[in-house]
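*Asks:* give the three-dimensional model of this entry:
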Amino acid sequence: MAVRKSQATLTPAEKRAFVNAVLELKRRGAYDAFVSTHNDFIMSDNDTTERTGHRSPSFLPWHRSFLLRFERALQEIDATVTLPYWDWTTDRAPASSLWGPDFLGGDGTGTGGRVTTGPFAQSSGNWTLTVRPDTRNYLIRRLGQGGQDLPTKADVDTALGIATYDAAPFNSSSAGFRNNLEGWTGVNVHNRVHVWVGGTMSTGMSPNDPVFWMHHCMIDRLWAAWQSRHPGQSYQPVRRTRNVVALNDTMKPWNDVTPADLLDHTKFYTYDNAY
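*Replies:* Below you'll find the model as predicted:
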């Protein structure tokens, strides 16, 4: 059983293994397919038509499946690798070890925000962006410059205290845990982190920045925490509902997994610490 750990507790060897597997997946050309998939759903998901990956109840199970598929791709390269999570309620500074030259590299420099340190700097020769919104083929970060602070523990606790998973109209205007966690209303947890990192993470091609996976592991960990706190509540909607994924509907683009299949994450992995 895979155990997902906090990035702050990774050993130097575990950091190297993760970085090397990500770089190899990129070298093989498989990494960019994940970037394209995410961007496709960012572009197509909206409040009034079909929505699957974002602005909808399936935001959480869709990303759980997305992360599992990425993790398995890394494990085909190195079976010891699991996805770490970034707990931004505690590791909140641009000087955190997460951004060290031995791991994700640091903040962007100059007016363009180009990342020039660490293994994911374009100058390293291993991380040229091919799925991108413009001609810039390098990773961009603007840590803390987007006008949003990282979510606090109090923010997370507020979201976790909401007992209802989701509610009609099942979009970015909905009340409920999912939408508060996703960040279109209320305490705004997930979206705020994308804005705080800035640059590439603020685009639909955000998986180009490997911090994407660690951020979404934290979001997935919080969903697991919500499930533990509210055992009498579950995914909504249960019955077929226009334009959104119901409990037993398959999710695009894979069409081989439903939200119901993903409610119990312990079938696939555990976390080193419950939130």
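*Asks:* quick check: closest non-adjacent residue to Thr9.
*Replies:* Excluding the flanking residues, the one nearest Thr9 by CB to CB, 6 or more residues apart in numbering is Asp272, at 7.1 Å. For every residue, glycine as well, the C-beta is placed using N, CA and C.
*Asks:* surely that neighbour meets Ala2?
*Replies:* No - with contact taken as CB atoms under 8 Å, Asp272 and Ala2 are classed as non-touching, separated by 10.8 Å.
*Asks:* so those two - more neighbours on which side?
*Replies:* Taking neighbours as other CB atoms under 10 Å, Asp272 and Ala2 compare with Ala2 leading, 16 against 13.
*Asks:* grab the nearest non-local neighbour of that one.
*Replies:* Setting aside the residues directly before and after it, Ala2 is nearest to Tyr269 in space (CB to CB, 6+ apart), at 4.1 Å.
*Asks:* so the one you found makes contact with Arg64?
*Replies:* No - between Tyr269 and Arg64 there is no contact under CB under 8 Å: 10.0 Å.
*Asks:* between the two, which has more neighbouring residues?
*Replies:* Arg64 (24 against 17).
*Asks:* distance of the more buried one from Asp220?
*Replies:* In this structure, Arg64 lies at 6 Å from Asp220, with CB to CB, to the nearest Å as the measure.
*Asks:* give me the common contacts of those two.
*Replies:* Any residue near both Arg64 and Asp220 by CB atoms under 8 Å, 6 or more residues apart in numbering counts here, and that gives His265.
*Asks:* please save the CA atoms from stretch 141-149 in PDB.
*Replies:* Once non-C-alpha atoms are left out, stretch 141-149 reads as follows in PDB (Å, rounded to 0.1, in the frame of the first residue of the first chain):
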ATOM      1  CA  ARG A 141       6.400  31.500 -10.800                       C
ATOM      2  CA  ARG A 142       5.400  34.600  -8.800                       C
ATOM      3  CA  LEU A 143       5.300  33.300  -5.300                       C
ATOM      4  CA  GLY A 144       3.000  35.400  -3.100                       C
ATOM      5  CA  GLN A 145       2.700  38.200  -5.700                       C
ATOM      6  CA  GLY A 146      -0.900  37.500  -6.900                       C
ATOM      7  CA  GLY A 147      -2.700  39.400  -4.200                       C
ATOM      8  CA  GLN A 148      -3.800  36.200  -2.300                       C
ATOM      9  CA  ASP A 149      -2.500  34.600   0.800                       C
END
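*Asks:* centre of the chain versus that stretch, how much separation?
*Replies:* For stretch 141-149, the distance between its averaged C-alpha position and the chain's averaged C-alpha position is 17 Å (CA atoms, centre = their mean, to the nearest Å).
*Asks:* got a list of contacts for that stretch?
*Replies:* Contact partners of stretch 141-149, identified using CB under 8 Å, 6+ apart, comprise 94, 99, 106-108, 113, 115, 192, 195-202, 209.
*Asks:* buried stuff in that stretch?
*Replies:* Using 16 or more other CB atoms under 10 Å as the burial criterion, the residues of stretch 141-149 that qualify are 141-146, 148.
*Asks:* over to stretch 19-29?
*Replies:* Of the residues in stretch 19-29, those scored as buried under the neighbour-count criterion (16+ other CB under 10 Å) are 19, 21-26.
*Asks:* about what we covered before: residue contacts, the residue nearest to Thr9?
*Replies:* 3-6, 9.
*Asks:* hmm, Trp88 is touching Asp155, no?
*Replies:* No - in this structure, Trp88 sits apart from Asp155 without contact. The criterion is CB under 8 Å, and the distance is 10.3 Å.
*Asks:* what about these two, which has more around it?
*Replies:* Trp88 (23 against 18).
*Asks:* distance-wise, check the residue nearest to Ala2 relative to Thr200.
*Replies:* Look at Tyr269 and Thr200: by CB to CB, they are 26 Å apart.
*Asks:* let me see the ranges of the strands in the stretch 101-250 of the chain.
*Replies:* Assigned by DSSP state E, counting those that start in this stretch, the strands in the stretch 101-250 of the chain fall at 108-109, 114-115.
*Asks:* with mean neighbour count and mean pLDDT added, can I get those in CSV?
*Replies:* Output for those, formatted as CSV (neighbours: other CB atoms under 10 Å; pLDDT from 0 to 100):
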stretch, mean neighbour count, mean pLDDT
strand 108-109, 18, 96
strand 114-115, 21, 98
